[in-house]
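Novice: coordinates only, sequence not included:
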């Protein structure tokens with residue numbers, strides 16, 4: 001790998017050589033249903049930077065992004081520090097957050113956020129007393145698969161149902177798969193890792209609404 005591979009000499013999305021190598025990784029290890037091409041990839045300094053950029057790109061200030069509880073504690077800062085986008089924490093009331101039925105809880109949170117004046121009580125993004133009242137709408141749903149901090153994986157059935165919900169509501173589906181290659185077989189665990197890239201999205205969601213993130217920092 002030459003010294004220019006990680007620069008923007010080929011443009012701001014990363015070098016052609018690097019994106020070509022990554023496309024092969026996604027096609028082989030993530031079992032992408034449709035071949036991933038270098039043109040579909042954007043390379044940045046890390047998944048944190050990509051999440052921050054997605055909040056800036058997909059939403060307007062005071063909009064919200066759905067994230068199931070419990071979630072990685074840095075999300076609220078990643079979404080809000082520059083983009084001013086709120087983390088809308090979704091609770092599951094004791095039910096399985098990895099079962100297809102979890103969609104009902106995401107839908108309820110979206111309805112409450114969009115329909116109840118977006119009060120700060122609907123958000124789970126830190127100290128809301130120092131932030132302005134939100135006035136926007138939910139624009140995206142972020143899933144971490146394998147999950148951080150619970151360590152579980154989402155089944156293909158659950159991924160399809162969550163995608164179907166996002167497609168129906170015309171919100172973006174963001175699958176943070178930074179731990180994809182760090183998972184291992186555990187006979188006492190539930191589903192094995194399935195990448196969102198491996199799902200056939202036809203009739204479920206517009207592929208333009210699907211974004212998959214991966215980073216090299218969690219490779220074992």
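Specialist: Yes, it's here. Quantities reported herein were computed from a predicted structural model and do not represent experimental measurements.
Novice: can you pull out the helices in this structure?
Specialist: For the chain, the helices defined by DSSP state H occupy 16-29, 47-58, 75-80, 103-115, 156-169.
Novice: who's in contact with the fourth one?
Specialist: Just to be clear, that refers to helix 103-115. 64, 66, 68, 88-93, 95, 97, 122-123, 134, 137-138, 141, 161-162, 164-165, 169, 171 (Cβ atoms under 8 Å, 6 or more residues apart in numbering). For every residue, glycine as well, the C-beta is placed using N, CA and C.
Novice: where does the chain have its least confident helix or strand?
Specialist: helix 16-29 (a mean of 92; mean pLDDT, DSSP states H and E).
Novice: ok, and what's touching it?
Specialist: Residues contacting helix 16-29 (Cβ under 8 Å, 6+ apart): 1-2, 5-6, 10, 13, 32, 35-41, 43, 180-181, 195, 197, 212, 214.
Novice: would you mark the buried spots in that helix?
Specialist: Buried residues in helix 16-29, counted by 16 or more other Cβ atoms under 10 Å: 17, 18, 19, 22, 23, 26, 27.
Novice: so what strands line up beside the longest strand seen in the chain?
Specialist: Using DSSP state E, we find that the single longest strand of the chain is strand 138-144. Strand 138-144 pairs in its sheet with strand 64-68 (parallel), strand 172-176 (parallel), by DSSP bridges.
Novice: return the most buried member of the helices of the chain.
Specialist: Mean neighbour count (mean count of other Cβ atoms under 10 Å) peaks for helix 75-80 among those, with a mean of 22.
Novice: for this protein, which residues score under the pLDDT cut-off?
Specialist: 1-9, 116-134, 186-189, 220 (pLDDT under 70).
Novice: let's go with 80 and repeat that
Specialist: Scanning the chain for pLDDT under 80 picks out 1-12, 116-135, 184-190, 218-220.
Novice: domains of it?
Specialist: According to automatic domain parsing, the chain comprises the domains 1-43, 45-218.
Novice: gap between the shortest one and the chain center?
Specialist: With Cα atoms, centre = their mean, to the nearest Å as the basis, the distance from the averaged C-alpha position of domain 1-43 to the chain average is 19 Å.
Novice: dump the helices of the chain into JSON lines; add distance to residue 205 as well.
Specialist: Converted to JSON lines, those look like this (distance: least, Cβ to Cβ, whole Å):
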{"stretch": "helix 16-29", "distance to residue 205": "18"}
{"stretch": "helix 47-58", "distance to residue 205": "14"}
{"stretch": "helix 75-80", "distance to residue 205": "21"}
{"stretch": "helix 103-115", "distance to residue 205": "13"}
{"stretch": "helix 156-169", "distance to residue 205": "3"}
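Novice: out of the ones you listed, nearest to residue 218?
Specialist: helix 47-58 (8.8 Å; Cβ to Cβ).
Novice: tell me the angle of that closest one relative to strand 64-68?
Specialist: Relative orientation of helix 47-58 versus strand 64-68 (axes from the mean of the first three to the mean of the last three Cα atoms, to 10 degrees): 140 degrees.
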